[in-house]
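J.: below are the sequence and a predicted model for it; my questions follow.
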Amino acid sequence: MKQTWRWFGPSDPVSLSDVKQTGATGVVTALHHIPHGEIWTIDEIEKRKSEIQKAGLQWSVVESITVHENIKTRTGNYKEYIEKYKTSIRNVAACDIPVITYNFMPVNDWTRTSLSYKMPDGSNALYFNWVDLAVFDIYILKRKNAGNDYSTNIVTKAEQRFKNYSQQQLEALSGVVMFGIPGEKKNSTSDMLQKLELYKDIDAAALRENLCEFQKEISAAAEECGVKLAIHPDDPPFPILGLPRIVSNLQDFEYFLNKVDNPANGVCFCTGSLGASKNNLTEMVNRIWGKIHFIHLRNVRKDEEGNFYEADHLDGDNDMFSIVKELLLLQQKLKTSIPFRPDHGHQMLDDLHKTTNPGYSAIGRLRGLAELRGLEMGILNSL
């Protein structure tokens, strides 16, 4: 597999020279300074690409070109935003970057409730807790009828926890849930409520059809110019904040892959996002093998309530040996090398005393990359 590393651009605390030392040969990045929905120009793409190449690296995957909310809801001037998206795809292709990742998650790109969950070894992990989400949803966001979306047990615990939280703790929780992508504009609660209102009449079936209509358009453009598309799964892979989830399991994948049967239309196989639910990841690789265009490798550990923290890459609920083995067999079958990156790492060692992007500190991901590289070599030597 092609070893890549996510980089958030010039403001990333992890520099390109740092990336070069990890052993990764490719960079996964995006033009985060361009507003959602606007065109990525060739000049801007080439400027970033040149910066990466000067460091002796290759821009291997775009992650991500953000999908405007109007496209997801098919409201307002969504057709104009689709045309702009297709132009960005063509411009990326003109700059010889072969894979574009995107997601179709409504409102929030990803959601956690803690960015510094303390692990037994003293490192920090990302964490999702249902009670804390309910505290945010019911008492901070104050979404109408939010309590109806949680079990009685979670609502009761959330009420008690809210009473015990200080104002500082509540503000911190709010900041975590609405953290978003590093380098991009942060949501406020009023922003989020306004965006959630756009989805009041959109259920999972409607959102699924909106996705497929979008995929028909962009897949045709991508096939025409020789680019592969990779949709990232929902993170976490279950409905939150009253929003539907439609890219969360095998059934979801098979639905849109069959409905939009285009060679360019594929997935980013993220073991961390998909592994936070009850998905059989090895089976999923076998079922959608020809449609995996990009890979994120990380692990999670869940509890009985469905809360989860991000575990070490080889130590969690997901059988990473089996998953990586299937992915390597898949690549032999396809006679190709699929780019992968070590997704999210613990904040550890010297990085505990530095400002880092949550999940994207250098040392934790370097540990993950080293472990995954060793796992890959051991499997390949045994085949």
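T.: The structure has been received and is ready for your questions.
J.: which stretches of the stretch 151-300 of the chain form helices?
T.: Taking DSSP state H, counting those that start in this stretch, the helices of the stretch 151-300 of the chain run over residues 152-164, 167-177, 189-197, 204-225, 250-259, 271-275, 281-287.
J.: so which of those helices is nearest residue 37?
T.: helix 204-225 (12.7 Å; CB to CB). All C-beta atoms are positioned from the backbone trio N, CA, C, and that covers glycine.
J.: flag every buried residue along that closest one.
T.: Neighbour-count burial for helix 204-225 flags 207, 208, 210, 211, 212, 214, 215, 217, 218, 219, 221, 222 (criterion: 16 or more other CB atoms under 10 Å).
J.: not counting its neighbours along the chain, what's nearest residue 379?
T.: Once flanking residues are discounted, residue 379 sits nearest to residue 325: 5.1 Å by CB to CB, 6 or more residues apart in numbering.
J.: so which strand or helix has that neighbour?
T.: Using DSSP states H and E, residue 325 sits in helix 320-334.
J.: what helices and strands are in contact with the helix or strand following that helix?
T.: Next helix or strand after helix 320-334 toward the C-terminus (DSSP H and E): strand 339-342. The helices and strands touching strand 339-342, judged by 3 or more CB pairs under 8 Å, 6 or more residues apart in numbering; DSSP states H and E, are strand 2-6, strand 26-29, strand 58-63, strand 292-297, helix 362-382.
J.: same thing but 6 Å
T.: strand 2-6, strand 292-297, helix 362-382 (3 or more CB pairs under 6 Å, 6 or more residues apart in numbering; DSSP states H and E).
J.: got phi/psi on the residue nearest to residue 94 when sequence neighbours are not counted?
T.: Distance criterion CB to CB, 6+ apart; nearest residue to residue 94, sequence neighbours excluded, is residue 42 at 5.8 Å. The phi and psi torsions at residue 42 (degrees, to the nearest 10) take the values phi -60, psi -40.
J.: let the chain start at 38 from now.
T.: That works, and once the first residue is 38, the last one we named lands at residue 79.
J.: the buried residues of helix 241-262 into TSV, with extra columns for pLDDT?
T.: Shown next, in TSV, are the buried residues of helix 241-262 (pLDDT from 0 to 100):
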residue	pLDDT
244	98
245	98
247	98
248	98
249	98
251	98
252	98
254	98
255	98
256	98
258	98
259	98
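J.: now the residue of the chain most remote from its centre: how far from residue 78?
T.: Most distant from the centre of the chain: residue 200, at 32.7 Å, with distances by CA atoms, centre = their mean. In this view, residue 200 and residue 78 are 52 Å apart by CB to CB, to the nearest Å.
J.: and if you look at residue 376?
T.: Noted for residue 376: a distance of 24 Å to residue 78, by CB to CB.
J.: more crowded one of the two?
T.: residue 376 (23 against 14; other CB atoms under 10 Å).
J.: residue 400 against residue 386, yeah?
T.: Yes: contact criterion CB atoms under 6 Å: residue 400 and residue 386 qualify, at 5.0 Å.
J.: what about the two, which has more around it?
T.: Using other CB under 10 Å as the criterion, residue 400 and residue 386 rank with residue 400 on top: 19 against 16.
J.: distance from the chain centre to the helix holding residue 362, please.
T.: Put simply, helix 357-371 sits 21 Å off its chain's centre (CA atoms, centre = their mean, to the nearest Å).
J.: what residues of that helix count as buried?
T.: For helix 357-371, the neighbour count (16+ other CB under 10 Å) marks 357, 360, 361, 362, 363, 364, 365, 367, 368 as buried.
J.: what's residue 132 in contact with, if anything?
T.: Counting by CB atoms under 6 Å, 6 or more residues apart in numbering, residue 132 touches 82, 83, 86.
J.: closest one of these to residue 161?
T.: Set against residue 161, the nearest of the contacts of residue 132 by CB to CB is residue 86 (32.9 Å).
J.: if you drop the residues flanking it in sequence, what lies closest to residue 75?
T.: Nearest to residue 75 is residue 121, by CB to CB, 6+ apart, at 6.6 Å.
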